[in-house]
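K.L.:
sharing a sequence plus its predicted fold:
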Number of protein chains: 2
Amino acid sequence: MLYSKEFKDKLNEQYQYFKSLNLNLDMSRGKPCPEQLALSNSMLDLVNSQSNFKINEEIDCRNYGLLDGITELKVLFAKMLDVLPTDVLIGGNSSLQMMFDTISCFMTHKIVDGHPWLMQGNIKFLCPVPGYDRHFSILQYFGVEQIAVPMCETGPDMDMVENLVSKDEKIKGIWCIPKYSNPQGVTYSAITVQRFANLKPAAKDFRIFWDNAYAVHDLTDQPERLLSIMDECRKASNEDLPILFCSTSKITFPGAGIAALAASESNLKILKENYFYKTICFDKINQLRHLRFLKNYEGILSHMEKHKKILKPKFEAVEEILNTEFEGEELISWTKPKGGYFISVALPDGCAKRVVFLCREAGVKLTSAGATFPLNCDPHDANIRLAPSYPPVCELLLAMKLFCVCVKLVFVENALR
Amino acid sequence: MLYSKEFKDKLNEQYQYFKSLNLNLDMSRGKPCPEQLALSNSMLDLVNSQSNFKINEEIDCRNYGLLDGITELKVLFAKMLDVLPTDVLIGGNSSLQMMFDTISCFMTHKIVDGHPWLMQGNIKFLCPVPGYDRHFSILQYFGVEQIAVPMCETGPDMDMVENLVSKDEKIKGIWCIPKYSNPQGVTYSAITVQRFANLKPAAKDFRIFWDNAYAVHDLTDQPERLLSIMDECRKASNEDLPILFCSTSKITFPGAGIAALAASESNLKILKENYFYKTICFDKINQLRHLRFLKNYEGILSHMEKHKKILKPKFEAVEEILNTEFEGEELISWTKPKGGYFISVALPDGCAKRVVFLCREAGVKLTSAGATFPLNCDPHDANIRLAPSYPPVCELLLAMKLFCVCVKLVFVENALR
């Protein structure tokens, strides 16, 4: 790239042109687009006033009861999470809520002999970075210290994870998005999963929070395979280590899906007790609707093909623009995810906030710089998360053109400083 | 009643006859019957594949967003709870969960300057008795000491409440079911509500848990009126005292309703923060469905007329049998509720468990004796809760006949002992 005053002027001219368009585009969140939502509209017809509301000719889904959810739906979630149906507990509409509630439960109730987390003073969690802001903010809410662990192409830096976890009994957990991670799109390698399953934590109440949010969310015809953490943990006699989460938020409706968790018998005992005191049942009519719509795991996979058809061109558009605009440029790199909802962009130190600011000033909202790090603080100010799912392709092209202009402007500003 | 050996033999004969019928009837829970559920079936058609999913032409209910719920639904819940729409926070399908979550939040996060409840050592709650088992068990789960306060015809014994609350700063809350209380059917008098609103608790973080579960659940054409606790608290500059709860579980579907809470601005700040970290949104499609079905407060009232038509004959049947079988008998008394879901029966000390046992042995399940007291322990073993809503009238008649035989048997057993 030619870092001249003339180039800067030209970029500024382009930037002012974008500003004059009065754009109002949003690439900040992993939000499905209207076309994706429409894929599940017919689900709403499958439980209507004329329906049979009974499960197994016995349980009326309209009434109280069946705290841990419809058995057939457990089977379906078990396939998604690669666990046994008996490992599954179905919840409300939000897997984030199930994660929050699990941590909240462990804060006030002991997991093993000893004290609840809240009574153990300053406890800590490992946080692979960049990662999911909502994971980090739950820890912030409960005052848990967050230790950043770098993400590699095979998952978190496992040398560091093993080392920290085995030495410090104040470390009680780690957040993992093991498939198509947010924001990199990394799927943990088989060796990473095995190393997780064989962890020997100093803390007996250490748990792996395995948020398999993108278990079936492929963007290519070569889905990546994730080893079953539960199988590996059982092989290693470590089955109490992981607690797995997933939902249909990005399969059916983000605002009206079904969430589930999976865990070992002794973990489930604690969590089921928590659920028993918390509620009489979750929304079984929505469970029934989902069961009738998705039917089984194969039903989910064929439904996800339709999502892929909508999302793939959007990710391709973003990648194509980045390729064209930054061919041979070494100051910037980006991930090429085979699934999930994000593209992660790496810039030189100190550039991310400025780029996000310039974009926002010109009407394109990106995820706040730093949001993918604990306490909203990217120590290098270098990571930007792009979320291509929501805007239509034409808007996405415009937003990405602006993004590229802003990145170049920041490069030139820095070079001429 | 004639307490003779002959009478006992006759009763035993009747009891054996009931046993021979192999009954399997359930009067244990306040569970709506299938006819009641059917009243809301058409709600399921109001959001279908062809629907407009947008609220105010802006928010798509299928997608993420709108954490505190649809504004128009807040208006409706505000009318039910007699508060301002801005006081309302809409949740998932369970008000019990909102109560649990509120207590859980206060256990880990301070309400006012000071420490969260969990860090204050042995804290206490006042529990009007007999009361709702699920309220008590939440306290049990969190290890909160429960102090029983007797219920009178005007509500809890307010002399005792005022006295305890003003002296002991370890007392952090009280459970109230202010209208058609579970199990007595008592509606708190205006003076009781005003005395609650004017409490001067020693603990700055004392809260009234005002579970208005039966706000619109009348059984007669003369609905009882409950004074607005929030209005009275505001008059007394005590608006941070109450946290109100309600749901549509017994209006639409127990398994798929909508719950809400209401509180002052400063309480809402704490609870909204909790919700913000917990989830991205609750199920807005179900909210939309409810809004379209119930429309407004008048819509709720006319819908509740239909519930009344189904429930009234059941309560009348129970009362008629009790009247006929126990006319002039002073050992037993029962409530005549004008609303709600229960009839509370008072027996001589030491009789309740035995009656419930005899009924169960003959195939009729009643609420466990003691369940309406903290830690499942009725110190007098004298209270039985009858729940007439679920069984058809013919089964109810049979179950009540058996109940009366069992009560008489226990009376005779005691008299001849």
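P.N.:
Sure, I can see it. Just so it is clear, the model here is predicted, and its values are computed rather than measured.
K.L.:
and the longest helix seen in chain A, how far out from the chain middle?
P.N.:
With secondary structure taken from DSSP state H, chain A has its longest helix at helix A:297-325. Averaging C-alpha positions (CA atoms, centre = their mean, to the nearest Å) puts helix A:297-325 17 Å from its chain's average.
K.L.:
setting aside sequence neighbours, what's the nearest residue to the residue in the stretch 301-417 of chain A positioned nearest to chain B?
P.N.:
Per CB to the nearest CB, residue A:390 is where the stretch 301-417 of chain A lies closest to chain B, at 8.9 Å. C-beta here means a position set from N, CA and C on the backbone, and glycine is covered the same way. Closest residue to residue A:390 apart from its sequence neighbours, by CB to CB, 6 or more residues apart in numbering or on different chains: residue A:31 at 4.6 Å.
K.L.:
for the one you found, give its distance to residue A:181.
P.N.:
Look at residue A:31 and residue A:181: by CB to CB, to the nearest Å, they are 18 Å apart.
K.L.:
neighbour-wise, which of these two wins?
P.N.:
Under the criterion of other CB atoms under 10 Å in any protein chain shown, the comparison of residue A:31 against residue A:181 puts residue A:181 first, with 28 against 21.
K.L.:
my guess is residue A:377 meets residue A:370, correct?
P.N.:
Yes - with contact taken as CB atoms under 8 Å, residue A:377 and residue A:370 are classed as touching, separated by 5.4 Å.
K.L.:
for the nearest residue to residue A:289 once chain neighbours are set aside, give me its contacts.
P.N.:
Counting by CB to CB, 6+ apart, residue A:289 lies nearest to residue A:47, which is 4.7 Å off, once chain neighbours are set aside. With contact taken as CB atoms under 8 Å, 6 or more residues apart in numbering or on different chains, residue A:47 is in contact with A:53, A:61, A:285, A:288, A:289, A:292, B:44.
K.L.:
so which helix or strand takes in the fifth one?
P.N.:
I take that to be residue A:289. helix A:284-294 (DSSP states H and E).
K.L.:
now that helix: mean pLDDT?
P.N.:
Mean per-residue pLDDT for helix A:284-294: 98.
K.L.:
same check, this time on stretch A:8-27
P.N.:
95.
K.L.:
mind saving the C-alpha coords of that stretch as CSV?
P.N.:
The C-alpha coordinates for stretch A:8-27 follow below in CSV (Å, rounded to 0.1, in the frame of the first residue of the first chain):
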residue,chain,number,x,y,z
LYS,A,8,-4.7,9.8,2.5
ASP,A,9,-6.6,12.6,0.8
LYS,A,10,-8.2,10.2,-1.6
LEU,A,11,-9.2,7.9,1.2
ASN,A,12,-10.6,10.9,3.1
GLU,A,13,-12.6,11.8,0.1
GLN,A,14,-14.0,8.3,-0.1
TYR,A,15,-14.8,8.3,3.6
GLN,A,16,-16.7,11.7,3.3
TYR,A,17,-18.6,10.2,0.4
PHE,A,18,-19.7,7.2,2.6
LYS,A,19,-20.7,9.7,5.3
SER,A,20,-22.8,11.6,2.8
LEU,A,21,-24.9,8.4,2.2
ASN,A,22,-26.3,8.6,5.8
LEU,A,23,-25.9,4.8,6.2
ASN,A,24,-27.5,3.0,9.1
LEU,A,25,-26.1,-0.6,8.9
ASP,A,26,-25.5,-3.0,11.7
MET,A,27,-22.8,-5.7,11.6
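K.L.:
who's in contact with it?
P.N.:
By CB under 8 Å, 6+ apart, stretch A:8-27 touches A:358, A:361-367, A:386-388, A:390-391, A:395-396, A:398-399, A:401-402, A:405-406, A:408-409, A:412-413, A:416.
K.L.:
which strand runs longest in chain A?
P.N.:
Longest strand in chain A, counting residues (DSSP state E): strand A:145-152.
K.L.:
tell me the buried residues in it?
P.N.:
A:146, A:147, A:148, A:149, A:151, A:152 (16 or more other CB atoms under 10 Å in any protein chain shown).
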